[in-house]
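**Student:** for reference, the sequence and a predicted model appear below.
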Amino acid sequence: MVKKEAKEQKEKAKKAVKAGKVVVKAKPTVEKKVAEKVASKAQKTTKKAGADTGSVDFQVQNFTEKIQLLSSHLKKHPHDFDSRRGLLIMVGKRRRLLNYYKKKDVASYEKLAASLKLKK
């Protein structure tokens, strides 16, 4: 008898979800991570489709986004030394690109630094 009632409750819940009356919520951390992954994949595809991925602007912007993600990861996991090394390598690459860009075109460099809120 208990199994029958449980089945009925499950069926009612499924019908309510299909009808849109009930919103099923997952754990907020899992939901947030999935949303971030989907958003980042969507951003990457739109950027690669419309932008010149070899340009200095794009590369610096891409490194900046990755650096921000790794920085937030390292705040939660301070003993992740492998990720810290990767972060330092990326920061160095971005710095070298910015130095090159500054020599090549100062006005564009300043515009890029201002838009990404980078220190000069």
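**Tutor:** Structure received.
**Student:** what pLDDT does residue 93 get?
**Tutor:** If you check residue 93, the pLDDT there is 97.
**Student:** skipping adjacent residues, who's closest to it in space?
**Tutor:** The shortest distance from residue 93 to any non-neighbouring residue, by C-beta to C-beta, 6 or more residues apart in numbering, is to residue 63 (6.2 Å). Backbone N, C-alpha and C define where each C-beta goes, glycine included.
**Student:** before we move on, what about residue 59?
**Tutor:** The shortest distance from residue 59 to any non-neighbouring residue, by C-beta to C-beta, 6+ apart, is to residue 97 (5.8 Å).
**Student:** how many neighbours does the one you found have?
**Tutor:** 16 (other C-beta atoms under 10 Å).
**Student:** the residue nearest to residue 93 against residue 95, yeah?
**Tutor:** No: look at residue 63 against residue 95 with C-beta atoms under 8 Å: they stay out of range, at 9.4 Å.
**Student:** any weak-confidence spans in this structure?
**Tutor:** The model of the chain has pLDDT under 70 over residues 1-2, 20-35, 37-51.
**Student:** which residues of it fall in strands?
**Tutor:** Taking DSSP state E as the criterion, the chain contains no strands.
**Student:** neighbour-wise, which of residue 63 and residue 95 wins?
**Tutor:** More neighbours surround residue 63 than the other of residue 63 and residue 95, with 19 against 13 (other C-beta under 10 Å).
**Student:** check contacts around that one.
**Tutor:** Residue 63 makes contact with 90, 93-94, 97, according to C-beta atoms under 8 Å, 6 or more residues apart in numbering.
**Student:** nearest to residue 15 among these?
**Tutor:** Nearest to residue 15 among the contacts of residue 63: residue 90, at 49.9 Å, using C-beta to C-beta.
**Student:** re the thing from before, which of the contacts of residue 63 has the most neighbours?
**Tutor:** residue 94 (20 neighbours).
**Student:** so for stretch 53-61, what gets flagged as buried?
**Tutor:** By neighbour count on 16 or more other C-beta atoms under 10 Å, the buried set for stretch 53-61 is 56-57, 59-61.
**Student:** could I have it exported to CSV, CA atoms only?
**Tutor:** Extracted in CSV, the C-alpha atoms of stretch 53-61 (Å, rounded to 0.1, in the frame of the first residue of the first chain):
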residue,chain,number,x,y,z
THR,A,53,41.3,34.8,-32.6
GLY,A,54,44.8,35.7,-33.5
SER,A,55,44.5,39.4,-32.7
VAL,A,56,46.2,40.8,-29.6
ASP,A,57,42.9,42.3,-28.4
PHE,A,58,41.2,38.9,-28.5
GLN,A,59,44.1,37.1,-26.9
VAL,A,60,44.4,39.6,-24.0
GLN,A,61,40.7,39.5,-23.4
